[in-house]
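# attaching a predicted model along with its sequence, questions to come.
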Amino acid sequence: MNLYKIILAGCGQSEDSQVSSEKQLETPQIELDTRKYNLEKYLQIKLGNTYEEVEAILGAPGEAMVDNDRLKQYQWTNEDNSNISVAFFDKKATGKSQAHLGSFLSGKNTVTLNKFEKLKEGMTLQEVTDILGSGTETMLIDEDGKEKVMMGWYNSDGSGISVTLFDGKIIDTKKIMLK
C-alpha cells in the first residue's frame, strides 16, 4: 500500500501547527490493482477449493505446471510476470502462493533491522503485525491439517522481512537486505 502525504498550509499557521496537520492527514491510499490476477483474487482462494472454484475466482483456466493423477499445480500469470499458483491434491487446493502482487511499504511503514530483531520464534501473527504492521501473504499450505503460512513485508528498495508461521506461531524469519 502506498502512502500519499497531504500537506495543508495557510496564512497565519505556525510551523508547529503545520507539522501537526501534516501528521494527522497522512492517510493510506489504496491503488486499484487492475491486473487480471491480483492480491484481492488471491486472497479469495481458500484451501479446499476445487480447481473449478479457483478458475471461477480468477476468471480463466490456469497453465498446468504439474499434472499427475492426484497432484496438480496450475499457474495464472500477468503480463508483468506477477502470478498466482495453486496446488491441488485429490482435486482440492492444498497450497497457494503468489509472486509480486503486494505493494511496497514506504515512509513510517518501512521495515527495518531494528524491527526484525524484535521478532522471536513462537510469536503469533498478531504479535508480528503489532511490530511490523500488516504484511502480505505470499504462501499458504496445508501440512497434515495445520497451516503453514509465509508472510512478507517489502520496502520499495527491495529490502524486507519474510516470516514463516506453522500452526499460528513463528518458526522462521528472514531479513532481506536490511540495514
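Cool, got the structure.
# C-alpha only now, for contacts and for neighbours.
Fine.
# confidence-wise, which helix or strand of the protein is lowest on average?
One helix or strand of the chain scores below all others by mean pLDDT, DSSP states H and E: strand 3-4, with a mean of 36.
# quick check, pLDDT for the residue nearest the centre of the chain.
Centroid-nearest residue in the chain, with Cα atoms, centre = their mean: T136, separated by 1.4 Å. Note on T136: pLDDT of 94.
# where do the helices sit along the chain?
In the chain, helices defined by DSSP state H lie at 15-24, 39-44, 51-58, 113-116, 125-132, listed in chain order.
# rebuild the ones you listed as CSV, extending it with mean pLDDT, distance to K175 and mean neighbour count.
Output for these, formatted as CSV (pLDDT from 0 to 100; distance: least, Cα to Cα, whole Å; neighbours: other Cα atoms under 10 Å):
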stretch, mean pLDDT, distance to K175, mean neighbour count
helix 15-24, 41, 29, 12
helix 39-44, 96, 23, 15
helix 51-58, 98, 32, 16
helix 113-116, 97, 7, 14
helix 125-132, 97, 13, 15
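# ok, which of the ones you listed comes nearest V163?
helix 125-132 (8.7 Å; Cα to Cα).
# how is this protein divided into domains?
Domain ranges of the chain: 39-99, 104-179, per automatic domain parsing.
# now do the end-to-end distance for the longest one.
By that I understand domain 104-179. 17 Å (Cα to Cα, to the nearest Å).
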